[in-house]
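> Next come a sequence and a model predicted from it.
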Amino acid sequence: MLRRKEPTEKKGSPRRLFLPSLIISFFATSPLGILTGLLLVDMALSFEVSVGVMGQINTLSYIVAVIFAMLMGVLSVRFSHKSLLILGLLSISLSALGCALSPNLSLMLASYSLSGVGMAMVSPMAFAMVGEYLPLEKRANAVGWIVAGGSFAYVIGAPIIALIAGFGGWRFPLFGFVIPTLLVSLLLAFVGLPASSGNHQLETNEGSYLRSFKEVLLNRSATACLVGNVFRMVSFVVILVYGTSFFRQRFLVSRDAASVIIIGAALCYTVGSLICGRFVNRFGRKPLTVLSALLASVFTILFTYMPNLWLSLALNFLGAWFFGVVASASSSLTLEQVPRFRGTMMSINSAALYLGSALGTAVGGMVLLSFDYEGLGSILGVVGIIAAIVFQLLTTDPASKKI
């Protein structure tokens, strides 16, 4: 039986387009979701169904993403990360094209669910490639840029999609922005990403599919990272999903003003994720994860209780900023947990993030029906505080010993 070689921390300098390719790949996964969020009403009218029924395309996509993210834990051992990332981008491209051409709701559901497959492939492979090809001191900054790429899509994608939709309906932005963005990301991934490092065949010969899951799930710190990430995503739902509705209903802001709030929160999240990369090596992955998760959750609770629009908005933006920080910090912490199986670790982590989003949306909806927005902020905010406690008490940072 072949003996496994420990992964080296430095594999030489990757290509110049390596990080830009990963950033654009992450960016390209967002516009399709932005479109459904902004134009869900228009899509419902087009297919002659209610908004509630139309919204199930997102539910189905999340379910598919959770299932396929777990499958990626196996595929990442057998196939190169670059190949899987490209296949993920191709899946989202086919999903966007299918949505643009769908004549009925059934085909629309089938087409959109394919985007869940793509998201489950692109995200973990992007982070795994950072761990595979970049030295330790550069990884946190790279993770920050990649996370920022996904959130920055909301900053520029929302107004572009809204503008294009004004010329001919919800299908126009698919052809005018979503699909072209995906094609550019595919081209950059082909050109800018290096091929496999060659460890996959060795791992396959050892029959390590089950072993990769065992090393992740039997590692207390790795499992705690997964649980913490589920809880922080549950808390983030208050700002991500229900924040705009809060301002529209509580302070009666207009739809145009609400779109500006979305952009502002996305911009704060983007800046937070970028700044995180500069502080991780100074303060450590774990301390920054714990502190930012705690502050994000506290601000999530507070903004729902403020009687003044501007004070509430300021706290909302601060919450978004710290959620950007914790997204980058916790991703960096999770990436270092099981170095031999980074692909499996980040694939299971993607499933955890999608699960957190789904649980937060579902539980948040029920809480909102019973307790209004103050109850929503309090209950889901406390879940975020629990996430900070989990990170503090149960996780370790293996990379801290190497710096």
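On my side now, so go ahead. From a predicted model like this one, the values you see are computed outputs, not experimental measurements.
> excluding its backbone neighbours, what's nearest L302?
In space, and not counting its chain neighbours, L302 is closest to L315: 5.0 Å by C-beta to C-beta, 6 or more residues apart in numbering. For every residue, glycine as well, the C-beta is placed using N, CA and C.
> And V241, by the same measure?
T361 (5.6 Å).
> quick revisit: the residue nearest to L302 - how many residues pack around it?
20 (other C-beta atoms under 10 Å).
> any idea how far Y133 is from it?
Per C-beta to C-beta, to the nearest Å, L315 is found 39 Å from Y133.
> likewise C99?
Distance of C99 to Y133, given as C-beta to C-beta: 33 Å.
> Who has more neighbours out of those two?
Neighbours were counted for C99 and for Y133 using other C-beta under 10 Å; C99 has more, 26 against 23.
> shouldn't V290 be in contact with V390?
No: using C-beta atoms under 8 Å, V290 is not in contact with V390; the gap is 9.3 Å.
> so what secondary structure elements neighbour the helix or strand containing S95?
S95 belongs to helix 81-101 when assigned by DSSP states H and E. On a contact count with 3 or more C-beta pairs under 8 Å, 6 or more residues apart in numbering; DSSP states H and E, helix 81-101 meets helix 18-28, helix 31-38, helix 56-78, helix 105-133, helix 179-192.
> Which secondary structure elements does the third one sit against?
The elements that helix 56-78 packs onto, with contact taken as 3+ C-beta pairs under 8 Å, 6+ apart, are helix 31-38, helix 81-101, helix 105-133, helix 200-205, helix 209-217, helix 342-394.
> now the helix or strand that the fifth one is followed by, how far from the centre of its chain.
If I follow you right, that is helix 209-217. As assigned by DSSP H and E, the chain's next helix or strand after helix 209-217 is helix 220-240. Distance of helix 220-240 from the chain centroid (C-alpha atoms, centre = their mean, to the nearest Å) equals 12 Å.
> For the helix holding S95, could you pull out the residues that count as buried?
81-100 (16 or more other C-beta atoms under 10 Å).
> What pLDDT does the model give F213?
As predicted, F213 sits at a pLDDT of 82.
> who's in contact with it?
F213 sits next to G73, T344, I348 when contact means C-beta atoms under 8 Å, 6 or more residues apart in numbering.
> Give me the nearest residue to A293, chain neighbours excluded.
Closest residue in space to A293, ignoring its immediate chain neighbours: A388 at 4.0 Å, by C-beta to C-beta, 6+ apart.
> ditto for M129
Spatial nearest neighbour of M129, excluding adjacent residues (C-beta to C-beta, 6+ apart): H81 at 4.9 Å.
> picking up where we left off before, mean pLDDT lowest for which of the helices and strands packed on helix 56-78?
Among the helices and strands packed on helix 56-78, helix 200-205 scores lowest, with a mean of 48.
> Walk me through the domains of the protein.
16-207, 209-397 (automatic domain parsing).
> how many other residues sit next to L71?
Look at L71: counted by other C-beta under 10 Å, it has 14 neighbours.
> Please apply the same query to the one 3 residues further on.
By the criterion of other C-beta under 10 Å, V74 has 17 neighbours.
> Quick one, grab the pLDDT at it.
Reported pLDDT at V74 in the predicted model: 78.
> again with the one 3 residues further on
At V77 the predicted local confidence, pLDDT, stands at 75.
> so it touches G343, yeah?
Yes: if you go by C-beta under 8 Å, V77 and G343 touch, sitting 6.6 Å apart.
> burial of A44, as a residue count?
Neighbours of A44 under the rule other C-beta under 10 Å: 18.
> Isn't it up against S50?
Yes: contact status for A44 versus S50: in contact at 6.2 Å, counting by C-beta under 8 Å.
> hmm, back to that, which residues are in contact with each of V77 and G343?
S212.
> what about the two, which has more around it?
Higher neighbour count among V77 and G343: G343, with 30 against 23, using other C-beta under 10 Å.
> Quick check: the gap between that one and S61.
From G343 over to S61 the distance is 22 Å, taken as C-beta to C-beta.
> With L335 instead?
Distance from L335 to S61, by C-beta to C-beta: 25 Å.
> again, but for Q249
Separation of Q249 from S61 (C-beta to C-beta): 26 Å.
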